[in-house]
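Colleague: Quick one: sequence and predicted model below, then my questions.
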Amino acid sequence: MNGVRWWLLGEDPGHERLALELARSIGLNKRPVNVTIAPSGEGAASAFVLKRYAREVRATTRRRPGERVAILVMIDGDNLGLSRRKQQLDEALREAGEPTRAADEPVVILVPTWSIETWLLPQSAEVTEAVDLKPQMRDPQTKHFEEAARRIVRPDDDEPLASVRDATREVARLPK
């Protein structure tokens, strides 16, 4: 995947850290062309991602058809979950007068549910997407991001989290 230029749209520095580790794990250029992260303390980060999504997709993959480009979008599922967040992103495109994401379009949407902390915690029976686990992961270390990226890139057959299984399918949208 070397040579793919990629952009990142995400909620926070945790999303950026995971995106960089994921890029390293799959052989993308280490640094994205541009990182757009919600400004801290200015409202819901998910609202920022939803507001910027159509503009960022238009400026990246749709302005460069046929080029080896991709945009990685990260938005926490929170209490809405994986499917509803993806629906919101589709709605944001339609509201901006854009067609929804095509099956072969290199727009990779990762929706850690409940939040990225769910993906960073070690895989166990207690980890669930139904509740906020942020309090259990206050100071994630590099190893947590490495393990989360590994779970996406090389998933186990018994991966319990639907949002991680979905992330594996999403990463497959990247240009080869």
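Modeller: Everything's here; your move.
Colleague: Skip the chain neighbours and tell me the closest residue to R151.
Modeller: Leaving aside its sequence neighbours, R151 sits nearest to V164 (C-beta to C-beta, 6 or more residues apart in numbering; 5.4 Å). For glycine as for every other residue, the C-beta is placed from the backbone atoms N, C-alpha and C.
Colleague: What are the boundaries of the helices in the chain?
Modeller: 13-26, 45-59, 82-95, 116-120, 142-153, 162-171 (DSSP state H).
Colleague: quick revisit: assess the claim that the residue nearest to R151 and I116 are in contact.
Modeller: No - between V164 and I116 there is no contact under C-beta atoms under 8 Å: 11.3 Å.
Colleague: Give me the more crowded residue out of those two.
Modeller: Taking other C-beta atoms under 10 Å, V164 and I116 do not tie; I116 has more neighbours (27 against 21).
Colleague: taking the mean pLDDT, what do you get for stretch 66-79?
Modeller: Stretch 66-79 shows a mean pLDDT of 95.
Colleague: Can you point out the buried residues in that stretch?
Modeller: Across stretch 66-79, burial judged by 16 or more other C-beta atoms under 10 Å covers 69-78.
Colleague: what's the span of it, first residue to last?
Modeller: In stretch 66-79, first residue to last residue: 37 Å (C-alpha to C-alpha, to the nearest Å).
Colleague: how far is it from where the chain is centred?
Modeller: Put simply, stretch 66-79 sits 5 Å off its chain's centre (C-alpha atoms, centre = their mean, to the nearest Å).
Colleague: go on, stretch 153-160?
Modeller: On the basis of C-alpha atoms, centre = their mean, stretch 153-160 sits 17 Å off its chain's mean C-alpha point.
Colleague: end to end, how far does that stretch reach?
Modeller: Start-to-end, stretch 153-160 (C-alpha to C-alpha) is 15 Å.
Colleague: Equivalent analysis for stretch 70-87, please.
Modeller: Chord length of stretch 70-87, first to last residue, is 20 Å (C-alpha to C-alpha).
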